[in-house]
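Trainee: Let me see the structure of the following:
(chains A and B)
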2 protein chains.
Amino acid sequence: MDNVESKNNLKIIIDDSSNLSLNQIRNLLNKMSASEIAHALESSPPKQRGLLFSLLKTEEEGDVLFELGEEIQQDLLSNISNEELTEAVKELELDEIVDILQNLPEERMKKILSNMSMVDRDRIEMGLTFPDDTAGGLLNTDVISVRPDNSINEVISYLRDQKELPENTDKIFVVNHENEYLGELSIGKIITSDPSMIVREIMETEFFPLDAGLNDKEVATIFERNDLISSCVIDENGKLIGRITIDDVVDVIREDADQNLLGMAGVAEDTFAPPGRAAKSRVFWLSMNLITAFIAASTINLFQDVIDKIVYLAVLMPIVASMGGVAATQTLTIILRGLTLEQINTSNIGWLFKRELAVSILNGIVLSILVGFITYAWFQDLTIAILISCALVINLISSVFAGIVVPLMLRKLKQDPAIGGSVVVTTVTDVIGFLSFLGLATIYLI
Amino acid sequence: MDNVESKNNLKIIIDDSSNLSLNQIRNLLNKMSASEIAHALESSPPKQRGLLFSLLKTEEEGDVLFELGEEIQQDLLSNISNEELTEAVKELELDEIVDILQNLPEERMKKILSNMSMVDRDRIEMGLTFPDDTAGGLLNTDVISVRPDNSINEVISYLRDQKELPENTDKIFVVNHENEYLGELSIGKIITSDPSMIVREIMETEFFPLDAGLNDKEVATIFERNDLISSCVIDENGKLIGRITIDDVVDVIREDADQNLLGMAGVAEDTFAPPGRAAKSRVFWLSMNLITAFIAASTINLFQDVIDKIVYLAVLMPIVASMGGVAATQTLTIILRGLTLEQINTSNIGWLFKRELAVSILNGIVLSILVGFITYAWFQDLTIAILISCALVINLISSVFAGIVVPLMLRKLKQDPAIGGSVVVTTVTDVIGFLSFLGLATIYLI
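Mentor: Numbers count the residues shown, from 1 in each chain, chains lettered A, B, ... in the order given. You can find the predicted model right below:
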């Protein structure tokens, strides 16, 4: 389909579908690909989303469901009958069916499986044994495999018999009669080789098959580092059980990035989640922040006397706290990025720590001079100006400890260091900010 | 190479290379792929990084340089001679050479180009005409094209003559004698088709070639939506000028996600940047925050009298501000994600706004009751407890405006809404937080 036309259809569906008749919408949907329809659904509020989905043909519903995020997928799944769902997923690839069925309640999943043919059921049940976030959870069984003693001529006529190769087939795999992985053969190699050659002579053996239990983020790293299009997956006995293709790996990369971004702010919801669900997804970290805000407040409470005597301490104290919060979030972000990209380890964390310390001292000097000047210009009080400068340096230095220690500790505790890390980190800088500024003021001003 | 062994080599290089002799390190590097070496370099402090790079063979330096982030690439480029660099990039693909040369000062780039053969120079100069962040900046010229009247047999023997296909070749392109794009033909289709067929009969024409000027993020979206491995690129006259492959698109996706995460915190640097550079990358948003913190402080300054009378207002006021800041960051994150994924537009922003308002009222009710109770338990003052609850609801509602309006405004002004958005947003909630709490206190307590 033409790129521009397709883009226009998508835009009309997302922007203006409310002005169109159901038939007009149906026509537009017919011209769009499954992932474009999924994007349109993800860009729609729940009510409009339900309407758009109901206009799809049953055979298209499966592809669209697979492309959707988990949350929206579940919403839509709860609105269609078992018969319709069985029909909708019939033509999908294994990893796609598994992805959808995994989101169903146990009971419902069993019912749908019982409607399927024996062969399909066995294959899907095998797929369902792997956790969602492993190589096994991403695998497809549409592999083509040949024997090492086949000639290229035989391979070509075998492929020709298939009429059509599975999508994203850049290579086929070589196995022995026990179905154990021996090597692989790229389609390009097959086409450019002398047809009288034997598979064994030209197959690649320096690639490594993926283990079914491998974490999906590691799968993504391996694909990226080796620029792979597809890779085969083996079970614990070295037997070929399927393959993973780059399109599914790209989804893993996107989701991972999404979780990092959302996790930092303590949200976890789709963009157009209904209000109740969105409120629920956010209230946890808001409540955490409430607790930590009261901890910071009780720090201030220790210094009621000095604030009572010099009221503009109360005016200035949030500055020290806020600067520390921003600096700590900066350090935290760099550490989180380094952890995500697996760049940080015991040998270089020391260097990083010293670097962050140097950064906070460098910026601390510049900013504390600035703060001191502005404060003096405002209140004409040299002591207070010096005190706030010192407190700022102290808080920027403590921001380094918070920004580095908190994510590393969360990781040690097997928690995702991205989630809510900034709430914990800013508590530390709030408390130290108030403590250092009001503490110094107590010592030097009363 | 074996997966586990390769992983161990990488780990040793990153963790312990300082304990090894230069020869031992060289041996480990020899066993690693270019992207693994790049990862090791990115995981090393600058000094160790320079050492590791100096141990590479010249013919490997080009591949490694391409895999590195822009900042590290530039550092290393400034340390090698023009002759070495010319040698190092000689074997690279066009988009890789262009990526590296683009980072050189004009003068140096010209010198290196003048050392190259005429053919290479023309090709590279063509590549250099496209901005870095467009389809043209990602393209390779290693395309295979055939004519529509060729038979499949002719195509196969032409491919066989190539000895080896370019990496990630899943399809070849069909052009007329003017080199204008007509369609494409997947390698799978070639191998499964009857060799006597004619290209025109089986070529696909429903795909669309990419325009060289297309933004790289849009290229990534098109690849994702259509599960592409490669796609051809045409110039403004419809002539085939090259192709883009999925491995380069994955890099675009990663970088995009990285910038979103870092931008939120106002940092822009590689993980192991030297202290001076890291300090410089962060000081801008720290200074911005300094200005906004003083704006918040001057809000408090308006209420010196009431704080002077009731000192624990100063204790409680940061709670209101801090809760608003977290809520606003949550809204901001959801909006940013929606903008990045192109889910938000004029037709649904209204719904989103109402949803966010509902969320803030729902969470506002729950949290303000909590805050009221804790405050009452702490200070035994019912009026203050009620006032802080009301101020919190006001600030949570204003956090919705800040979290939605700020990113949309930044985008209108053609600024990246992710960068520093949280500093601006929390200023609004700080000011409104102090204003509402201290303002209400002034009205009802004096």
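
Trainee: any idea how far A:Ala293 is from A:Met317?
Mentor: In this view, A:Met317 and A:Ala293 are 14 Å apart by CB to CB, to the nearest Å. Glycine gets a C-beta too; all of them are placed from N, C-alpha and C.

Trainee: Chain A - how does it break down into domains?
Mentor: With domains defined by automatic domain parsing, chain A comprises A:3-131, A:145-255, A:274-445.

Trainee: if we can go back for a sec, for A:Met317 and A:Ala293, work out which one has more neighbours and name it.
Mentor: A:Met317 (28 against 25; other CB atoms under 10 Å in any protein chain shown).

Trainee: mind checking which helix or strand that one is in?
Mentor: Secondary structure assignment for A:Met317, by DSSP states H and E: helix A:312-340.

Trainee: does chain B sit close to the helix or strand following that helix?
Mentor: Where DSSP H and E defines the elements, the next helix or strand beyond helix A:312-340 is helix A:349-379. Yes. Residues of helix A:349-379 are located near chain B by CB under 8 Å from any CB of the partner chain, namely A:351-352, A:355-356, A:358-359, A:362-363, A:366-367, A:370-371, A:374.

Trainee: Got a ChimeraX select line for the buried ones in those residues?
Mentor: Applying 16 or more other CB atoms under 10 Å in any protein chain shown to those, the buried members can be selected in ChimeraX as follows:
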select /A:352,355,356,358,359,362,363,367,370,371,374
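
Trainee: For the closest residue to A:Ile361 other than its chain neighbours, grab phi and psi.
Mentor: Once flanking residues are discounted, A:Ile361 sits nearest to A:Ile397: 7.1 Å by CB to CB, 6 or more residues apart in numbering or on different chains. Dihedral angles of A:Ile397 (phi, psi; degrees, to the nearest 10) stand at phi -70, psi -40.

Trainee: residues contacting A:Ile397?
Mentor: A:357, A:360-361, A:364 (CB atoms under 8 Å, 6 or more residues apart in numbering or on different chains).

Trainee: Let me have those in a markdown table, adding distance to A:Ala297 as columns.
Mentor: Output for the contacts of A:Ile397, formatted as a markdown table (distance: CB to CB, whole Å):
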| residue | distance to A:Ala297 |
| --- | --- |
| A:Leu357 | 29 |
| A:Ser360 | 25 |
| A:Ile361 | 29 |
| A:Gly364 | 25 |
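
Trainee: got a markdown table for these, with neighbour count and pLDDT too?
Mentor: Below are the contacts of A:Ile397 laid out as a markdown table (neighbours: other CB atoms under 10 Å in any protein chain shown; pLDDT from 0 to 100):
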| residue | neighbour count | pLDDT |
| --- | --- | --- |
| A:Leu357 | 18 | 96 |
| A:Ser360 | 29 | 96 |
| A:Ile361 | 16 | 96 |
| A:Gly364 | 25 | 96 |
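
Trainee: Give me the residues contacting the one helix or strand A:Gly62 maps to.
Mentor: Element membership for A:Gly62, per DSSP H and E: helix A:58-67. Applying CB under 8 Å, 6+ apart, the external contacts of helix A:58-67 come out as A:34-35, A:37-38, A:41, A:53, A:56, A:73, A:76-77, A:80, A:84, A:87-92, A:96-97, A:99-100.

Trainee: What subset of these is buried?
Mentor: The neighbour count (16+ other CB under 10 Å) marks A:34-35, A:37-38, A:41, A:53, A:56, A:73, A:76-77, A:80, A:87-89, A:92, A:96-97, A:99-100 as buried among those.

Trainee: Tell me which of those residues fall in helices.
Mentor: A:34-35, A:37-38, A:41, A:53, A:73, A:76-77, A:87-89, A:96-97, A:99-100 (DSSP state H).

Trainee: Please list which of those are also close to chain B.
Mentor: Restricting these to those adjacent to chain B (criterion: CB under 8 Å from any CB) gives A:Ser35.

Trainee: Thought B:Phe272 was touching A:Asn348, still the case?
Mentor: Yes. Judged on CB atoms under 8 Å, A:Asn348 makes contact with B:Phe272 at a distance of 7.1 Å.

Trainee: All the strands of chain A, residue numbers only.
Mentor: Using DSSP state E, the strands found in chain A span residues A:145-146, A:171-175, A:181-186, A:210-211, A:230-234, A:240-245.

Trainee: Same list (the ones you listed) but as CSV, adding distance to chain B.
Mentor: Putting the strands of chain A into CSV (distance: least, CB to the nearest CB, whole Å) gives the following:
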stretch, distance to chain B
strand A:145-146, 13
strand A:171-175, 10
strand A:181-186, 8
strand A:210-211, 8
strand A:230-234, 9
strand A:240-245, 8
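
Trainee: between these, which one is nearest to B:Lys163?
Mentor: With CB to CB as the measure, strand A:181-186 is the member of the strands of chain A nearest B:Lys163 (13.2 Å).

Trainee: now that closest one and strand A:171-175, what's the angle there?
Mentor: Here the directions of strand A:181-186 and strand A:171-175 differ by 150 degrees (axes from the mean of the first three to the mean of the last three CA atoms, to 10 degrees).

Trainee: Local confidence estimate at the nearest residue to A:Asn237 once chain neighbours are set aside?
Mentor: Using CB to CB, 6+ apart and skipping the chain neighbours, the partner closest in space to A:Asn237 is A:Glu180 (7.5 Å). Looking at A:Glu180, its pLDDT is 94.
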